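Student: Need a 3D model of the following:
(one chain, ligands or ions: 1)
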Amino acid sequence: GPLRLDVVTIFPDYLRVLDLSLIGRAHADGLLDLHVHDLRDWTHDRHRTVDDTPIGGGAGMVMKPDVWGSALDDVLAAPLPAAPASAEVAEPTKVASLPAPRRVLVIPTPSGELFTQRTAENLAGADQLVFACGRYEGIDARVAEHYASSGVEVHELSIGDYVLNGGEAAVLVMIEAIARLRPGVLGNPESIVEESHTGAGLLEYPVYTRPVAWRGLDLAATEPVLLSGDHARIDRHRRDQAVARTAVRRPDLMARLDPARLDAGDRAA
Ligand code: SAM
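Tutor: Take a look at the predicted model:
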């Protein structure tokens, strides 16, 4: 069935851009089931308080576990969209044997594990992703602890080694990376087969389009192989460029390349 995405935030308007582009179309087409919630709907006081001072002292404010708990209990129990009707699934005996849905709680935080293409591939296989957007100094740590020990799959994830003001921008990044891996979301599924951070683990080779000569940069002189029409040579040339680019720009990736996925030509390059 469609992937259900829930984002809980104190700035629901921040997520409005999800209505645009491929994600918006996937939602409209029923491939994604997107819900954005205002955390303040679960507050218990007339000031709609979501934060309090840190226990133990220190600067800033911490988001309250009781408010987050009320919100996440509701959202993690929300009904999941039905798979498109098929005779097989409609049979009651088959329904009884369906596996429990995979509901995942994602908490963006700069102190989380790094979100990578591998993480996106893993999370794209879930039935529901619930994103808890922190603000201020983040969410009381017992929230992650409570759901993990209650059997919920919890991932505390960082999108990179820098600090944002809130989880919203990080969630936009993660949703975009995950959603494009779901069947039907991209117009051309071929485009995710060989790109940076997939397959062999190389960065993508440089790409060009017409005009062949532009501002004194002439591909006929610099990239004659690409104009040769010889697809085997073109593939080899692009692969060499991918290896060279990865070695220069990302020595960390180069060091972690899977030797089984390299060929003799790569080693020579
Ligand atoms: N005091 C926290 C720390 O040093 O770990 C930083 C909190 S940050 C100012 C506020 C919120 O922004 C976090 O709760 C998280 O939701 C989000 N955030 C900031 N940087 C992030 C990153 N690199 N990846 C994911 N989320 C991030």
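Student: Point me to the residue of the stretch 151-269 of the chain nearest the ligand.
Tutor: For the stretch 151-269 of the chain and the ligand, the shortest gap (Cβ to the nearest ligand atom) falls at residue 167, measuring 2.8 Å. Quick note: C-beta positions are derived from backbone N, CA and C, even for glycine.
Student: Leaving out chain neighbours, which residue sits closest to that residue?
Tutor: If you skip the residues right next to it in sequence, residue 167 has residue 133 as its closest partner in space, 3.4 Å away by Cβ to Cβ, 6 or more residues apart in numbering.
Student: I figured the one you found was touching residue 165, is that so?
Tutor: No. Counting by Cβ atoms under 8 Å, residue 133 does not reach residue 165; the two are 10.6 Å apart.
Student: out of those two, which sits in the busier spot?
Tutor: The residue with more neighbours, out of residue 133 and residue 165, is residue 133; 26 against 9, by other Cβ atoms under 10 Å.
Student: follow-up on the earlier one: what's the pLDDT at the residue of the stretch 151-269 of the chain closest to the ligand?
Tutor: In this prediction, residue 167 carries a pLDDT score of 98.
Student: now residue 99
Tutor: Per-residue confidence for residue 99 comes out at a pLDDT of 86.
Student: Could you count how many residues lie near it?
Tutor: When neighbours are counted by other Cβ under 10 Å, residue 99 registers 6.
Student: roughly how far apart are it and the ligand?
Tutor: Shown here: residue 99 relative to the ligand, a distance of 30 Å by Cβ to the nearest ligand atom, to the nearest Å.
Student: helix/strand/coil for that residue?
Tutor: Local secondary structure at residue 99 is given as coil here, using DSSP: H, G, I helix; E, B strand; the rest coil.
Student: Over to residue 210?
Tutor: Following three-state DSSP, the label given to residue 210 is coil.
Student: burial count for it?
Tutor: Other residues within reach of residue 210 by the criterion other Cβ under 10 Å amount to 7.
Student: Hmm, the residue of the stretch 151-269 of the chain closest to the ligand is touching residue 9, no?
Tutor: Yes. Counting by Cβ under 8 Å, residue 9 is a contact partner of residue 167 at 7.3 Å.
Student: Can you check which residues contact both of the two?
Tutor: residue 133 (Cβ atoms under 8 Å, 6 or more residues apart in numbering).
Student: okay, the two: which has more neighbours?
Tutor: The residue with the greater number of neighbours, taking residue 167 and residue 9 and applying other Cβ under 10 Å, is residue 167; the counts read 28 against 22.
Student: What's opposite residue 213 in the beta bridge?
Tutor: residue 218 (DSSP bridges).
Student: Can I get stretch 179-198 as PDB, trimmed to CA atoms?
Tutor: Backbone C-alpha positions of stretch 179-198 (Å, rounded to 0.1, in the frame of the first residue of the first chain) are rendered in PDB as follows:
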ATOM      1  CA  ALA A 179      10.000   9.100  -1.300                       C
ATOM      2  CA  ARG A 180      11.800   9.000  -4.600                       C
ATOM      3  CA  LEU A 181      12.800   5.400  -3.900                       C
ATOM      4  CA  ARG A 182       9.100   4.300  -3.600                       C
ATOM      5  CA  PRO A 183       7.700   2.700  -6.800                       C
ATOM      6  CA  GLY A 184       5.900   5.100  -9.100                       C
ATOM      7  CA  VAL A 185       7.100   8.300  -7.400                       C
ATOM      8  CA  LEU A 186       9.800   9.100 -10.000                       C
ATOM      9  CA  GLY A 187       8.800   9.500 -13.700                       C
ATOM     10  CA  ASN A 188      11.800   7.500 -14.800                       C
ATOM     11  CA  PRO A 189      12.800   4.700 -12.400                       C
ATOM     12  CA  GLU A 190      16.000   4.200 -14.400                       C
ATOM     13  CA  SER A 191      17.400   7.400 -13.000                       C
ATOM     14  CA  ILE A 192      17.900   6.000  -9.500                       C
ATOM     15  CA  VAL A 193      19.700   2.900 -10.700                       C
ATOM     16  CA  GLU A 194      23.200   4.400 -11.200                       C
ATOM     17  CA  GLU A 195      23.600   7.700  -9.400                       C
ATOM     18  CA  SER A 196      25.900   8.900  -6.600                       C
ATOM     19  CA  HIS A 197      25.800   6.900  -3.400                       C
ATOM     20  CA  THR A 198      24.100   3.900  -5.000                       C
END
